[in-house]
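Chemist: for reference, the sequence and a predicted model appear below.
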Amino acid sequence: MKTHLKYTSFNQEKSIEELQYNMLFQLDKLQFLKEELFFLQFLISSDIYSSKVMNLFENLEHFKKEINKQLKTCEKLIIDLSFHVNKITDKVECNDIACDNYFINTHTSLEQTTIKYFNQVSQLKLEIYNYLQSVINS
């Protein structure tokens, strides 16, 4: 069952502390997700699968490539969010609405990108879990 919620930003009225906390929370989630992806890489590379499964090697290779792609995206997001967390304090120095709007738009864009990424990785993990459940030796 998929639920598609349209992203809505509530960042306009948040304090600097709230914005920073939210980004630090997202960074923490990304670090944890990175560890999950490393574990899935390990699991997929393990010798625990039934050899009688059709296209086993191809499917596992596909998942390895997808995990590697998601790990690269995760690393980039970690860098982008870390940079942004450090820039959040600069928002105090904004003296005009254009500066505030630019900062909030950047923050919102990063937040939206991160949420989209989490959704993509969740879908990949679900596919991997379902597949592995059917091919692991019991």
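Modeler: Happy to help now that I have it. Residues are numbered from 1 along each chain as shown.

Chemist: relative to Asn59, how far out is the closest residue to Ser134 other than its chain neighbours?
Modeler: Nearest residue to Ser134, sequence neighbours excluded (Cβ to Cβ, 6 or more residues apart in numbering): Val53, at 7.9 Å. C-beta: built from backbone N, CA, C; applies to glycine. Counting by Cβ to Cβ, to the nearest Å, the separation of Val53 from Asn59 is 8 Å.

Chemist: who's more crowded, the two?
Modeler: Asn59 (18 against 15; other Cβ atoms under 10 Å).

Chemist: you'd agree that one is up against Ser134?
Modeler: No: with contacts defined as Cβ atoms under 8 Å, Asn59 does not count as touching Ser134, sitting 10.2 Å away.

Chemist: what pLDDT, on average, does the helix or strand hosting Phe118 get?
Modeler: Here Phe118 sits within helix 97-135, counting by DSSP states H and E. Per-residue pLDDT over helix 97-135 has a mean of 92.

Chemist: could you give me the buried positions within that helix?
Modeler: 103-104, 107-108, 110-111, 113-114, 117-118, 121, 124-125, 128, 131-132, 135 (16 or more other Cβ atoms under 10 Å).

Chemist: now do stretch 40-58
Modeler: For stretch 40-58, burial by neighbour count (16+ other Cβ under 10 Å) applies to 40, 43-44, 49.

Chemist: mind checking which of these land in helices?
Modeler: Using DSSP state H, the subset of the buried residues of stretch 40-58 located in helices is 40, 43-44.
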